[in-house]
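# Sequence first, predicted coordinates after that:
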Amino acid sequence: MWTFSDQLFNVIETYNLDVWPAQIVFYVLAILSLFILLRTKKSLGEPSNKIICLILAFYWLWVGIVFDAIYSSSINPLSLATGVICIIEAILIIYYGVYKNSLRFIFNTDTYSMIGVFFIVFALVVYPVVGIFSGLNFPRAPILSAPCPTTIFTFGLFMMLNKQFPKIILAIPLFFAILGITNLLYGIYADIMLTISGIATALLLIWRDTDRNRRERLTGDVNS
């Protein structure tokens, strides 16, 4: 009798084979996002920000509709609900990033950007390598376009948000990051970074913006 773990990896294998070469498109778009970010050390202009937001929104729509609703729901009906949640995240990114232009990215040589780059490299390169050493080879291994590495990549980009932004966009990825710790039970050991990246991103960005508000208030009091 097959265990849930067997069923999970069978779904991942079927998904990877069916959608190939969509994974290459995901990698190309990820590299495009990095290129846009790394080409300048100042805040990106509106078109560049919107391109990155559209790429992220596409990622979350894909995960919600294709991976969760079409494939994962065959073994776990709750995936239909998580698929809807992913679609909501895509809508939030489009609303705040494209319509409201409230998500502005910048690459600096500061701690936040360096951590962001680390998360991105982990999602693109280290994640599948850890899978190989864990006995998970493609197509039975999740790679970018599957939920967990895609979420880690998202956190990497979020670490490079330049100014205060609507924290609601962190809620859904953080929810999946906390749930991701359970994937260790199935031998997906790279997902420990999913949980770490989610918690670290939320705490660091909230602390950064809170501290920035405090310093701006102090400056205002001194000048008044």
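Nice, thanks for sending it over.
# which of the residues in the longest helix seen in the chain are buried?
Assignment by DSSP state H gives helix 192-223 as the longest helix of the chain. Within helix 192-223, the residues scored as buried using 16 or more other CB atoms under 10 Å are Met193, Leu194, Thr195, Ile196, Ser197, Gly198, Ala200, Thr201, Ala202, Leu204, Leu205, Arg208. C-beta here means a position set from N, CA and C on the backbone, and glycine is covered the same way.
# Which strands and helices lie in contact with that helix?
Using 3 or more CB pairs under 8 Å, 6 or more residues apart in numbering; DSSP states H and E, the elements in contact with helix 192-223 are helix 111-121, helix 147-158, helix 168-179.
# quick one, which of those is packed in tightest?
Highest mean neighbour count of the helices and strands packed on helix 192-223: helix 147-158, a mean of 26 (counted as mean count of other CB atoms under 10 Å).
# As PDB, could you dump the C-alpha coordinates of it?
Backbone C-alpha positions of helix 147-158 (Å, rounded to 0.1, in the frame of the first residue of the first chain) are rendered in PDB as follows:
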ATOM      1  CA  PRO A 147       5.300  25.800  -4.300                       C
ATOM      2  CA  CYS A 148       8.200  25.600  -1.800                       C
ATOM      3  CA  PRO A 149      11.200  26.800  -3.900                       C
ATOM      4  CA  THR A 150       8.900  29.400  -5.500                       C
ATOM      5  CA  THR A 151       8.000  30.700  -2.100                       C
ATOM      6  CA  ILE A 152      11.700  30.800  -1.000                       C
ATOM      7  CA  PHE A 153      12.400  32.800  -4.200                       C
ATOM      8  CA  THR A 154       9.500  35.100  -3.300                       C
ATOM      9  CA  PHE A 155      11.000  35.800   0.100                       C
ATOM     10  CA  GLY A 156      14.300  36.600  -1.600                       C
ATOM     11  CA  LEU A 157      12.700  39.300  -3.700                       C
ATOM     12  CA  PHE A 158      10.700  40.600  -0.800                       C
END
